[in-house]
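# show me the folded form of this:
(4 chains)
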2 protein chains.
Amino acid sequence: MNDDLSELSSSVNQESQRESKPAGANTTATSLTSQIYQRIRDMIIHGELPPGHKLKIENLRKSLGTGASPIREALSLLTSDHLVERIDQRGFRVSHINLESFRELLKTRCWLEQCAFRESIEHGDDEWEERIVIAHHRLSRAPRSIDDNGFRINTEWETRHKLFHMALLSACGSSIMLKFCDQLYDQNIRYRNTAEPTAYPKRNSSKEHDQLLKLALDRKADDAVNALEKHYIRTGDFLSKQIE
Amino acid sequence: MNDDLSELSSSVNQESQRESKPAGANTTATSLTSQIYQRIRDMIIHGELPPGHKLKIENLRKSLGTGASPIREALSLLTSDHLVERIDQRGFRVSHINLESFRELLKTRCWLEQCAFRESIEHGDDEWEERIVIAHHRLSRAPRSIDDNGFRINTEWETRHKLFHMALLSACGSSIMLKFCDQLYDQNIRYRNTAEPTAYPKRNSSKEHDQLLKLALDRKADDAVNALEKHYIRTGDFLSKQIE
DNA sequence: TATGTCAAAAAAATCGATTATTTTTTAAAG
DNA sequence: CTTTAAAAAATAATCGATTTTTTTGACATA
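Sure thing, here's the model as predicted:
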């Protein structure tokens, strides 16, 4: 019963002390709240805190070694990302997931990203082209799994994959839109990590990435947008099966 | 210097006591945090708290008669709606506005609402048709101004106007999308209320609403979506001039 | 005038304890 | 047995005070 973050050894406090040591470097002074926010966020996205998990203030307080206020604040902040649900008078829990809302998420992502991608292709300048080229290159250099036998996702690949996709959209001309896409991307990752983190499609997604880059550079908006949709539908179908 | 919510007479605490009196009715038990959230939210949207205004915990504490925790929590929650900005170690303030981000907002709204409207028109069922008919009717019955001479916006009209627009989108099949549109709508209202709350276009927007309804019912997706865009661009141009 | 330093004041962040609400348990009644 | 009621335990929400960090302003230096 006394689980929660019990798996974590180090308290946030210790970390903050460690961070404030190297006086010279401009260590971005972060509040306790922000550290906790980041920490819980990662754990939810990586599936360490499963959907529906009750986030009890008292447990968190103990495992993180802090007072209640920064925890409540961090959880309130996490609400924005739809990673945490808050119900008046009965606290916080990790957002639930289900097949239907996954489908909805996928659909919405397609709509928004198609729109943003098209805008980017139509308005993107030289800088944008260079951004997507370099993002693609970096992605291509990271192995997808850190384990050659079984599948164990490489965090670095995850990061670069997201950066590549966001780069494709980055010239859409609306930071609001980008923020939405970013949010939806992270929610999607959570589904992926929650479902079945070991089994993974052998499908060669890098081919698809190559194609996306090419179509974007050639300014073939319609084709590019279609390719993007297919890219998502395919991974989506795979995940749908996993979820239920 | 000691401004903030000083204009408000009643403390939130008193209100909560009043609410908990009528034992029988299922008075939705709201936490202090939620009440404060709602209150500050309204004040920001209605332009009573101007963009950029510093939200000092101590001042809010005094004017609302509560402790610091629920206030910080409410402000953290408001962050989700992009109505409040939070900077580590230096507190909260009402989000800034400027012409550029207004344009961005308008553009993004058009994208999302056009998409959602089209989906609604293509997939909406009988229930949806009835929803938009009734929402339109209600809107048509509310006067836009409560003052016949000068212009003073009628809150009821505001509410119904939003309900009508959201109803048009309500069959799009994605609650995420609806949430985004809702958020963007409120942000837009804030611009409207901030800019120049008295002067207002004599343009007869009710004609445009009639047309939107008709096109939606006739399932003329392309025309409807175009009409919606024009509807927004027009009000947008007007506001742009006001803002700067 | 511009720039830098330091101490005082203000404000933000956090803590530990208290209060209110919900959930669980226990026990009595049907 | 199941349902209901009251008591106990657990948890959420809130408060008031303390600690940290940032901001301000007076004074000194170039």
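# give me every residue in chain A lying close to chain B.
Counting by CB under 8 Å from any CB of the partner chain, chain A comes close to chain B at A:29-31, A:33-34, A:69, A:72-73, A:76-77, A:79-80, A:86, A:88-89, A:104-105, A:107-108, A:111-112, A:115, A:173-177, A:180, A:184. For glycine as for every other residue, the C-beta is placed from the backbone atoms N, C-alpha and C.
# what's the burial count for A:V225?
Residues near A:V225, counting by other CB atoms under 10 Å in any protein chain shown, number 21.
# you'd agree it is in a helix?
Yes. Applying DSSP: H, G, I helix; E, B strand; the rest coil, one finds A:V225 inside a helix.
# so how far is DNA strand D from it?
43 Å (CB to the nearest atom of the strand, to the nearest Å).
# the helix or strand hosting A:S120 - what's its average pLDDT?
Assessed by DSSP states H and E, A:S120 sits inside helix A:99-123. Mean per-residue pLDDT for helix A:99-123: 97.
# between helix A:99-123 and the next helix or strand after that helix, find me the angle.
As assigned by DSSP H and E, the chain's next helix or strand after helix A:99-123 is helix A:126-141. Relative orientation of helix A:126-141 and helix A:99-123, computed by axes from the mean of the first three to the mean of the last three CA atoms, to 10 degrees: 130 degrees.
# identify the residues contacting helix A:126-141?
Here helix A:126-141 makes contact (CB atoms under 8 Å, 6 or more residues apart in numbering or on different chains) with A:120, A:157, A:160-161, A:163-164, A:167-168, A:170-171, A:206, A:209-210, A:213, A:216-217.
# repeat that with 10 Å
A:120-121, A:124-125, A:156-157, A:159-172, A:205-206, A:209-210, A:212-214, A:216-217, A:219 (CB atoms under 10 Å, 6 or more residues apart in numbering or on different chains).
# list only buried entries from those.
Buried subset of those (neighbour count, 16 or more other CB atoms under 10 Å in any protein chain shown): A:120-121, A:124, A:157, A:160-172, A:209, A:212-213, A:216-217.
# among those residues, which ones are in helices?
If you go by DSSP state H, the buried ones among the contacts of helix A:126-141 have A:120-121, A:157, A:160-169, A:209, A:212-213, A:216-217 in helices.
# distance of the closest residue to DNA strand C within chain A relative to B:D88?
When scored by CB to the nearest atom of the strand, chain A has A:L32 as its residue closest to DNA strand C, at 2.6 Å. Remark: distance between A:L32 and B:D88 (CB to CB, to the nearest Å) = 10 Å.
# which one's more surrounded, those two?
Taking other CB under 10 Å, A:L32 and B:D88 do not tie; A:L32 has more neighbours (19 against 11).
# wait, that one sits on A:A68?
No. Using CB atoms under 10 Å as the test, A:L32 is too far from A:A68 to be in contact (11.5 Å).
# residues in chain A within reach of DNA strand D, list them.
A:1, A:20, A:29, A:54-58, A:68-69, A:72, A:87-92 (CB under 7 Å from any atom of the strand).
# among those, the buried ones, what's the PyMOL command?
To isolate the buried members of the residues of chain A next to DNA strand D in PyMOL, using 16+ other CB under 10 Å:
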select buried, chain A and resi 55+56+57+69+72+92
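# of the residues of chain A next to DNA strand D, which ones also sit close to DNA strand C?
Contacts with DNA strand C are made by A:A68, A:S69, A:Q89, A:R90 out of the residues of chain A next to DNA strand D, judged by CB under 7 Å from any atom of the strand.
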